[in-house]
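S.K.: Next input, structure requested:
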Amino acid sequence: AMAQAALGAAGLHFDELNKLRVLDPEAAQQTAQLREECGAFLDKIVEFQKIVGSLIELVDQLAKAAESEKMKAIGARNLLKTIAKQREAQEQQLQALIAEKKMQLERQVFYLILYETLCKIEADQNEFIDQFIFQK
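M.R.: Got it, this is the predicted structure:
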C-alpha cells in the first residue's frame with residue numbers, strides 16, 4: 001500500500017491486470033469511454049451528412065422539376081397568346097368579308113329597285129303608247 005502511494009505520487013499506477021500505467025485507471029477508463037463516445041458521435045455526424053446530402057439532392061430534383069413545369073407553363077401561355085392573335089386576325093378577316101358581302105347585297109338591292117322602277121316606267125310608257133294609238 002505504501003509502495004502504491006509512493007508510485008501514485010510519482011504519477012504511476014497499477015491497472016486491474018497489475019500492469020504499470022502512467023494514467024490512473026479511472027482516467028484511463030474515462031478516456032476510453034470518451035474515445036467510444038467520440039467514435040459514436042463521428043458515426044452520427046457521417047450519417048447526418050448522408051441524410052443532408054440526400055435532402056440536397058431531393059431539393060435539387062424538385063427545383064429542376066419546378067423549372068421544367070415553369071417552362072412548360074410559359075410555353076403554353078405563349079401558345080395561347082399565338083392562338084388568340086390568330087383568332088383575332090381570323091375575326092378581322094371575317095368582319096371584312098361580311099362588310100364586302102353586305103356592300104354587294106346593298107348594290108344588288110339597289111339594282112333590283114332600279115330594274116323594278118325602269119320596268120314600271122316601261123309599262124307606263126307602253127300603256128301611254130297603246131292609248132295614243134287607240135285614240136287615232
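S.K.: I'd like to know how far the most centrally placed residue in the chain sits from residue 80.
M.R.: Nearest to the geometric centre of the chain sits residue 70, at 2.2 Å (C-alpha atoms, centre = their mean). Going from residue 70 to residue 80 by C-beta to C-beta, to the nearest Å gives 16 Å. For every residue, glycine as well, the C-beta is placed using N, CA and C.
S.K.: Next: residue 127.
M.R.: Using C-beta to C-beta, residue 127 is found at 69 Å from residue 80.
S.K.: Same check on residue 115?
M.R.: According to C-beta to C-beta, residue 115 stands 52 Å off from residue 80.
S.K.: give me the element the residue nearest to the centre of the chain is part of.
M.R.: Using DSSP states H and E, residue 70 sits in helix 25-135.
S.K.: Okay, now the unreliable bits of this protein?
M.R.: Where the chain drops to pLDDT under 70, the residues are 1, 3-5, 7-16, 20-25, 136.
S.K.: can we see that at 90?
M.R.: Residues of the chain meeting the criterion pLDDT under 90: 1-32, 132, 134-136.
S.K.: burial measure for residue 28, as a count.
M.R.: By other C-beta atoms under 10 Å, the residues close to residue 28 number 14.
S.K.: do residue 29 as well
M.R.: For residue 29, the number of neighbouring residues by other C-beta under 10 Å comes to 13.
S.K.: next one: residue 89
M.R.: Neighbours of residue 89 (other C-beta under 10 Å): 10.
S.K.: Same check on residue 103?
M.R.: 10.
S.K.: now swap in residue 57 and tell me
M.R.: By the criterion of other C-beta under 10 Å, residue 57 has 10 neighbours.
S.K.: Could you check how far it is from residue 129?
M.R.: Separation of residue 57 from residue 129 (C-beta to C-beta): 107 Å.
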